[in-house]
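*Asks:* Provide a 3D model corresponding to the input given below.
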Amino acid sequence: MVMKNYRVLIVDDHPLMRRGIKQLLGLDPWFTVVAEAGDGNEAIALALQYTPDVILLDLNMKGLSGLDTLKALRNEGVDARIIVLTVSDARSDVYALIDAGADGYLLKDSEPEQLLEHIRAAAEGQNVISDAVADYLSSRSEQHDPFAELTERELDVLQEVARGMSNKQVAAQLHISEETVKVHIRNMLRKLDVRSRVAATVMYLEHKSQ
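*Replies:* From the prediction side, this is the model:
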């Protein structure tokens, strides 16, 4: 069995925090820290240089904020799994980061073992949210059923996205083109009034559990 290894970029303006995260990841053979950034601009440059699989992003940084850094990374076409690692459990921060395209939102005060488990799950394609803030997203959906507005094909696409599949994998699974998948996802996000796949997935899983 081939050992999986994910290349990680750590972004935090506190050197001590970067060192702690690096040491934690060093305990797990799944991860190799390829670079560290102390601010958003450096993070963007390093992400383009090293093309990491996973980016651990602090929210409250001097200069370019975590939110602005995230938006810039996505605008640059960085497709790494971006996980926000922060002390903030503010509802508005959770909404803003998930909407901007974060693949996860984890709190720094999580147990180390749980943090590693969540980061590993995110690297594998799952959407990870700390339990303490997960309810924010669950309660966010409006009272009416927005899923009633989705076409059958859009629901098919959403179901595969919720399983962690990439656009390419969804296209192969549903026997449609990757471009068609992108169109369905754009329409789906608009109808659900969310701006990211993660937010749509959280809504879908909450909807299924009702």
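
*Asks:* residue ranges of the helices in the protein, please?
*Replies:* In order along the chain, the chain carries the following helices (DSSP state H): 15-26, 40-50, 66-75, 91-99, 112-123, 131-138, 152-162, 167-174, 178-192, 197-209.

*Asks:* Just want the angle from the fifth one to helix 131-138.
*Replies:* Put plainly, it is helix 112-123. Orientation of helix 112-123 against helix 131-138 (axes from the mean of the first three to the mean of the last three Cα atoms, to 10 degrees) gives an angle of 40 degrees.

*Asks:* Which of the residues in helix 112-123 are classified as buried?
*Replies:* 115-116, 118-123 (16 or more other Cβ atoms under 10 Å). For glycine as for every other residue, the C-beta is placed from the backbone atoms N, C-alpha and C.

*Asks:* Repeat that for the second one.
*Replies:* Applying a neighbour-count criterion of 16+ other Cβ under 10 Å, the buried positions in helix 40-50 are 40, 42-44, 46-47.

*Asks:* try the longest one
*Replies:* Residues of helix 178-192 classed as buried by neighbour count (16+ other Cβ under 10 Å): 181, 184-185, 187-189, 191-192.

*Asks:* Tell me what angle the lowest-mean-pLDDT helix or strand in the chain forms with helix 197-209.
*Replies:* The helix or strand of the chain with the poorest confidence is helix 131-138; it has a mean of 80 (mean pLDDT, DSSP states H and E). Counting by the same axes, to 10 degrees, helix 131-138 lies at 80 degrees to helix 197-209.
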